[in-house]
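1. here is the input, now give the coordinates:
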Amino acid sequence: MKSIDFVVARDDLQQCKSIETQLPDGAALPSDALLIRIDRFAFTANNITYAVFGDELKYWQLFPAPQNFGNIPVWGFGEVIASKHSGVAEGERLFGYFPMATHLVIEASEVSKQGLRDAATHRQSVAPVYNAYARITGDPAFAGRQGDYQALLRPLFMLSFLVDDYLAENAFYGARSVMLSSASSKTAFGLAHLLHGRADLKVIGLTSAANADFVKSLGCYHEVVTYDRVTSLPANSPVAFVDMAGNSSLREALHRHFGDQMKYSGRIGLTHRSSSPDEPELPGAKPRWFFAPDQIRKRAKEWGPGGVDKRFGVAWSGFAPTLDRRLKVIEGRGLAAAKQIYLDTLNGRIPPDQGNMLSLAE
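-> Numbering: from 1, shown residues only. Have a look, this model is predicted:
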């Protein structure tokens, strides 16, 4: 049996191709191994961030590819088609982190009623969340369109949830307003949804002119400002900036405009991929990276077993019902569709209200 994998050139993300990888048949699987057929997976701008930071954050290690190529990790669904673990049956459905491929072999460990982990050595150098698989057979929350929302937005909304929690824990650094760049992005509007519910806090969406109407339609920003007008914002009250775009010139313009009123400047994503490696010293708070696994570890220790999941579940239950009116799901099957969606996402051609669910199988 062979797996078809979609891989990209690590030093030139515009270059991509498919490869075939030989898989063991069910009888030849090692002890505790599972052979999973990957049914469908989500692809968003966040996956481009995984590729951009593939070396620094070790995403390329998760699913080995030929030299100088990488397999971009994706969130999706798979079915166990062969099992050498006594606690996992063939036919079980799993949700978790997969390669852009048709199949995956994992070493099942820490198997419980709720889930399991991949114990493969090459996957142990990243945050544990990237090795966890939920057992979702028969779970309506992961079926149909609700399942698509889970794959498309649940991992991104976890980031939104953690940023919101971090800012609240630090009393928003004294800011009265929070500005979000790439306000149309899924992580940004998830965060805006959470921030909008907080009293005495103004949420400002920064976006392109082309996406302004969509951002306004989301209903979770108090004000929407296009990038060419950011310096028209009043600069006489404390602000926080959550940078989803990674655009150096925008960040510099905001810092110089707000000066010492810039109380927090957090870098979350790199959708524009236009950051300069040698950025100047800027007035106001020093820009810093927000690393979600650090906040998860901190809260897991403080909130105890299940504490993060319980609080996140409450937040998700308030967010998920809004998605029917905010998101249009597009499905693509086969390598040609995957390549098109990948390149369109890489080059910023995906409409902000579109979510893509892909399968490499025809």
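
2. what's the local residue count around the closest residue to residue 122 other than its chain neighbours?
-> Closest residue to residue 122 apart from its sequence neighbours, by CB to CB, 6 or more residues apart in numbering: residue 61 at 5.4 Å. C-beta here means a position set from N, CA and C on the backbone, and glycine is covered the same way. Residue 61 is flanked by 16 other residues according to other CB atoms under 10 Å.

3. equivalent analysis for the one 4 residues further on, please.
-> As a burial measure, the neighbour count of residue 65 was computed by other CB under 10 Å and equals 20.

4. so who does it touch?
-> For residue 65, the contact set (CB atoms under 8 Å, 6 or more residues apart in numbering) comprises 5, 7, 19, 71.

5. swap in 7 Å and give it another go.
-> 5, 7, 71 (CB atoms under 7 Å, 6 or more residues apart in numbering).

6. now find how far off-centre stretch 340-347 is within its chain.
-> 16 Å (CA atoms, centre = their mean, to the nearest Å).

7. and residue 22, how far is that from residue 5?
-> Look at residue 22 and residue 5: by CB to CB, to the nearest Å, they are 11 Å apart.

8. so between the two, which is more surrounded?
-> Between residue 22 and residue 5, counted using other CB under 10 Å, residue 5 has the larger neighbour count: 23 against 7.

9. and for the closest residue to the more buried one other than its chain neighbours, the neighbour number?
-> Nearest residue to residue 5, sequence neighbours excluded (CB to CB, 6+ apart): residue 101, at 4.3 Å. Residue 101 is flanked by 24 other residues according to other CB under 10 Å.

10. repeat that for residue 354.
-> If we define neighbours as other CB under 10 Å, then residue 354 has 15 of them.

11. next one: residue 56 from residue 122, what distance?
-> To residue 122, residue 56 is 17 Å away according to CB to CB.

12. compare those two (neighbour count), which wins?
-> residue 122 (12 against 8).

13. thought the more buried one was touching residue 64?
-> Yes - assessed by CB atoms under 7 Å, residue 122 is found in contact with residue 64 at 6.5 Å.

14. ok, back up a step: thought the residue nearest to residue 5 was touching residue 18?
-> No - counting by CB under 7 Å, residue 18 is not a contact partner of residue 101; they are 9.5 Å apart.

15. what touches both of these two?
-> 4-6.

16. let's have the residues you listed in a markdown table, adding distance to residue 117 and secondary structure.
-> Converted to a markdown table, these look like this (distance: CB to CB, whole Å; DSSP: H, G, I helix; E, B strand; the rest coil):
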| residue | distance to residue 117 | secondary structure |
| --- | --- | --- |
| 4 | 25 | strand |
| 5 | 22 | strand |
| 6 | 24 | strand |
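
17. Throw those residues into JSON lines and include pLDDT, thanks.
-> Compiled in JSON lines, these are given as follows (pLDDT from 0 to 100):
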{"residue": "4", "pLDDT": "97"}
{"residue": "5", "pLDDT": "97"}
{"residue": "6", "pLDDT": "98"}
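
18. out of these, which comes closest to residue 292?
-> Ranked by distance to residue 292 (CB to CB), the shared contacts of residue 101 and residue 18 are led by residue 6 at 25.5 Å.

19. give me every residue that touches the nearest residue to the closest one once chain neighbours are set aside.
-> With sequence-adjacent residues excluded and distances taken as CB to CB, 6+ apart, residue 6 is closest to residue 100, at 4.1 Å. Contact partners of residue 100, counting by CB under 7 Å, 6+ apart, are 5-6, 71-72, 74, 338, 360.

20. now do 8 Å
-> Going by CB under 8 Å, 6+ apart, residue 100 touches 5-7, 41, 43, 71-72, 74, 338, 358, 360.

21. what of residue 13?
-> 48, 51-52, 346.

22. repeat that for residue 150.
-> Counting by CB under 8 Å, 6+ apart, residue 150 has contacts 95, 141-142.

23. what's the lowest-pLDDT member of those residues?
-> When these are compared on pLDDT, residue 141 comes out lowest, with 90.

24. can you pull the contacts of it?
-> Residue 141 neighbours (CB under 8 Å, 6+ apart): 147, 150.

25. now it, what's its secondary structure?
-> Under DSSP: H, G, I helix; E, B strand; the rest coil, the three-state class of residue 141 is helix.

26. tell me where the stretch 101-250 of the chain has helices.
-> Per DSSP state H, counting those that start in this stretch, the stretch 101-250 of the chain carries helices over the ranges 144-169, 186-196, 212-217, 248-258.

27. which of those sits most buried?
-> Highest mean neighbour count among these (mean count of other CB atoms under 10 Å): helix 186-196, with a mean of 25.

28. export that helix as CSV, just CAs?
-> The C-alpha trace of helix 186-196 is given here as CSV (Å, rounded to 0.1, in the frame of the first residue of the first chain):
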residue,chain,number,x,y,z
LYS,A,186,-10.1,33.3,11.5
THR,A,187,-7.8,33.7,14.6
ALA,A,188,-8.4,37.4,14.7
PHE,A,189,-12.2,37.3,14.6
GLY,A,190,-12.2,34.5,17.1
LEU,A,191,-10.2,36.7,19.4
ALA,A,192,-12.4,39.7,18.6
HIS,A,193,-15.5,37.6,19.5
LEU,A,194,-14.0,37.0,23.0
LEU,A,195,-12.8,40.5,23.5
HIS,A,196,-16.1,42.0,22.4
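
29. in TSV: the helices of the stretch 101-250 of the chain, plus mean pLDDT and distance to residue 83.
-> TSV is the format used below for the helices of the stretch 101-250 of the chain (pLDDT from 0 to 100; distance: least, CB to CB, whole Å):
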stretch	mean pLDDT	distance to residue 83
helix 144-169	95	22
helix 186-196	96	34
helix 212-217	96	44
helix 248-258	95	49
